[in-house]
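**Q** Mind folding the following:
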Amino acid sequence: MMRGGENGWLDVDRRVESPNHDCRPDDTEISLLVIHNISLPPNEFEGNYVDHFFTNRLNPTRHPYFEEIAHLKVSTHFYIDRKGIITQYVSVNLRAWHAGESLFENRPRCNDFSIGIELQGADHITYTEAQYSRLVSLTQQLQSIFPLITADRIVGHSDISPGRKTDPGSSFDWKRYLTLV
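**A** Predicted coordinates for the structure are as follows:
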């Protein structure tokens, strides 16, 4: 079932296809939006390492942290960098591998029924005006495609993986974001 754009690819700034995805369970309704943050290396915003990470091309010799994570097979549907540029890595029709072990309203495996958006950032670093602006417009677009994604079904990674994840962190202004959505 086509859910948005050309085979689930939306009209965003960049498209970089990640091999890290699979099919959602049959007849799964997308009903959750998960907000994350990522910076590679941690707390640094230069370089194109996020693309490399989500496409399994991260060079472990470039930074000590990369040695720890280069073997991981992860992805997200969307990534918004500090300038507000949106990259899509996985069709919204497919299951991206962004949430890991997770639970929402007693339902496990949030990747099955969610869309993931990564913001370039860190828990303690303020997000940019451009990121909020683009996140709001992307959220509204996703809500028009997936009406089950209501404001009360937009969560942080920390909400579905408590004790394991902390993103998008205390620097994310939930009130501002949800008011604009």
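**Q** List the contacts of the residue of the chain most remote from its centre.
**A** The outermost residue of the chain relative to its centre, with distances by CA atoms, centre = their mean, is residue 61 at 25.6 Å. Taking CB atoms under 8 Å, 6 or more residues apart in numbering, we find residue 61 in contact with residue 67. Where C-beta positions appear, they are placed from N, C-alpha and C, glycine not excepted.
**Q** so which strand or helix has it?
**A** Residue 61 belongs to no helix or strand when assigned by DSSP states H and E.
**Q** Would you tell me which helix is longest in this protein?
**A** Among the elements of the chain assigned as helix by DSSP state H, the one spanning the most residues is helix 129-145.
**Q** Name the residues of that helix that are buried.
**A** Within helix 129-145, the residues that qualify as buried are 131, 132, 134, 135, 136, 138, 139, 142, 143, 145, counting by 16 or more other CB atoms under 10 Å.
**Q** what pairs with the one residue sitting closest to the centre of the chain across the strands?
**A** Centrality entry for the chain: nearest residue to the mean C-alpha point is residue 117, 2.3 Å, by CA atoms, centre = their mean. Per DSSP bridges, residues listed as beta-bridge partners of residue 117: residue 35, residue 78.
**Q** Tell me how far it lies from residue 77.
**A** Applying CB to CB, to the nearest Å, the value for residue 117 to residue 77 is 7 Å.
**Q** Which residue ranges of this structure form helices?
**A** For the chain, the helices defined by DSSP H occupy 49-54, 64-69, 129-145, 157-160, 174-180.
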